[in-house]
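**Q** here is my input, please return the structure:
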Amino acid sequence: MTAVEYETREQAYRRFKETFKDDPHLVATARLEDFTDDIRFRARTAASARALLARVRKMGGVRKVQILPTASPSASPR
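**A** Down below sits the predicted model:
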């Protein structure tokens, strides 16, 4: 694993408002209660990601596990 990031619901709400600041109607409909605390893990390899995923799914208090795509090394700017 290369990184672990924790984001509180308050941080997620602020990030949402900043991301969608050009859509005031959308921002106005969002409530703090709509957001959750999140922990993000970034794995170096697919194998380590699968192993981590299996362990996280067994943890108490985990409501949802989501796998997000990562940018490929060839897609990064040089």
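**Q** can we go C-alpha only for contacts and neighbour counts from here?
**A** OK.
**Q** gap between residue 64 and residue 24?
**A** Noted for residue 64: a distance of 28 Å to residue 24, by CA to CA, to the nearest Å.
**Q** which SS class is the closest residue to residue 31 other than its chain neighbours?
**A** Once flanking residues are discounted, residue 31 sits nearest to residue 13: 7.7 Å by CA to CA, 6 or more residues apart in numbering. Look at residue 13: counting by DSSP: H, G, I helix; E, B strand; the rest coil, its state is helix.
**Q** dump the residue contacts of residue 13.
**A** Residues in contact with residue 13 (CA atoms under 8 Å, 6 or more residues apart in numbering) are 31-32, 35.
**Q** what stretches of the protein score poorly on pLDDT?
**A** Within the chain, the segments meeting pLDDT under 70 span 1-2, 68-78.
**Q** mind redoing it with 80?
**A** By pLDDT under 80, the weakly predicted segments of the chain are 1-4, 60-78.
**Q** which stretches of it form helices?
**A** 9-19, 24-29, 46-57 (DSSP state H).
**Q** relative to residue 58, how far out is residue 9?
**A** Residue 9 sits 23 Å away from residue 58, going by CA to CA.
**Q** make TSV from the helices of the chain and add distance to residue 3 to it.
**A** Output for those, formatted as TSV (distance: least, CA to CA, whole Å):
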stretch	distance to residue 3
helix 9-19	18
helix 24-29	30
helix 46-57	12
